[in-house]
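**Student:** Here you go, sequence then predicted model.
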Amino acid sequence: MDNYNDVINDHVRELIIVYKKTNDQEYFKDILQSVDKLLLKLIHRARQKMPYIKDVDANDLYQIAIIALYKAVEKMPAKEDPNKIPAWISSYLMAEVRKSYRYLLKEMNCLVEFTAYEVFSSLHGGFHQEPINTVDYEDFYKKGIITDVEYRTMMEYITTSKSINELADKEGISGPSVRNRVTRAIRKMKKEIKRQSLMLKFKYGLRKEK
C-alpha cells in the first residue's frame, strides 16, 4: 500500500511540475483526478474535526477542496518531497474550510458560550451570591423575550440530533431560516442575561470601600 501511495505521490509531483511550467488547466484536471480520493478523505476528516460544518453540502465542500488544492499547488515548491504532498493539500484544505465557514463557527461558539453561561438566579426570582450554571429556556419564552417559533425551533435543535436541514424540511422552510431562528433566540437571551448581570453588578458590586 505504501509503495502504491509513493507512486501516486510521484505522479502528482510530476503533474504539478508540468502544470507550474505550462499553466495548462488540463494538467490541473489531471492533478485533481489523481488526488480525488485524498480530497474526499480530507473532507471527511474536516467534518470530524469541525462539527459546525456538519450541515454543509458535500458538493460545496468539494468545491472548497478544489480551491485549496489550487492554492497548495501554486505555493508548493517544485522539488518538494512527494511524500509531503498530502500534508500540503491537507493543510490548505483545512485552512480554506475554516476561512469559508468561519461564520458557522461563530454561531456555534455563540451557542456553546450561551449554554455554559452563568445565569444569575435573579432571572428566576430573588438574588443569591452564587450564580447558577443552568439555563431555563422556557423562562425566557414565558417572559416574552423570545417568540414561540424561536423557542420551539431552538429547543428542538439543542435537545435532538436533528440537523439544520432536517429541521428545515420538517418546518417547510429554508435551512438559513432555521439557523436564523436559533441564533436570533440565543442573541436575545444573552442580551437579557447581560442586562440582568449589569443590574446585579450595579446593585451589589459597586459599593465603595471606606
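**Tutor:** Done, it's in. Residues are numbered from 1 along each chain as shown.

**Student:** Next, count neighbours for the residue lying closest to Arg179 once chain neighbours are set aside.
**Tutor:** Distances taken as CB to CB, 6 or more residues apart in numbering put Ile164 closest to Arg179, at 5.6 Å, once the chain neighbours are dropped. Using the backbone N, CA and C atoms, a C-beta is placed for each residue, glycine as well. A count of nearby residues for Ile164, using other CB atoms under 10 Å, gives 20.

**Student:** who touches Ile164 in this structure?
**Tutor:** Contact analysis of Ile164 by CB atoms under 8 Å, 6 or more residues apart in numbering lists 55, 157, 175, 178-179.

**Student:** Most neighbours of all these, which one?
**Tutor:** Val178 (25 neighbours).

**Student:** Return the distance of Val18 relative to His11.
**Tutor:** 11 Å (CB to CB, to the nearest Å).

**Student:** To clarify, my last question referred to Lys99.
**Tutor:** 29 Å.

**Student:** Who has more neighbours out of those two?
**Tutor:** His11 (14 against 11).

**Student:** Which pLDDT value goes with that one?
**Tutor:** According to the prediction, His11 has pLDDT 90.

**Student:** now Lys79
**Tutor:** Confidence score, pLDDT, at Lys79: 78.

**Student:** What is the burial count for it?
**Tutor:** 7.

**Student:** residues contacting the closest residue in space to Asn83 that isn't next to it in sequence?
**Tutor:** Leaving aside its chain neighbours, Asn83 sits nearest to Asn9 (5.8 Å; criterion: CB to CB, 6+ apart). By CB under 8 Å, 6+ apart, the contact set of Asn9 is 82-83, 85-86.

**Student:** does Asn9 count as helix, strand or coil?
**Tutor:** helix (DSSP: H, G, I helix; E, B strand; the rest coil).

**Student:** Can you check my assumption that Arg98 lies in a helix?
**Tutor:** Yes. Under three-state DSSP, Arg98 sits within a helix.

**Student:** care to break the protein down by domain?
**Tutor:** The chain breaks down by automatic domain parsing into domains covering 2-100, 103-204.

**Student:** remind me which residues of this structure are low pLDDT?
**Tutor:** 1-7, 104-136, 161, 196-210 (pLDDT under 70).

**Student:** Summarise which helices and strands the biggest helix by length in it is packed against.
**Tutor:** Counting residues, the longest helix found in the chain (DSSP state H) is helix 175-204. Helix 175-204 is packed against helix 102-115, helix 137-142, helix 148-159, helix 164-171, with contacts defined by 3 or more CB pairs under 8 Å, 6 or more residues apart in numbering; DSSP states H and E.

**Student:** list the buried ones in it?
**Tutor:** 175, 178-179, 181-186, 189, 192-193, 196-197 (16 or more other CB atoms under 10 Å).

**Student:** Compute the distance between the nearest residue to Tyr137 once chain neighbours are set aside and Ile186, please.
**Tutor:** Excluding its sequence neighbours, the residue lying closest to Tyr137 (CB to CB, 6+ apart) is Met155, at 6.2 Å. For Met155, the distance to Ile186 equals 12 Å [CB to CB].
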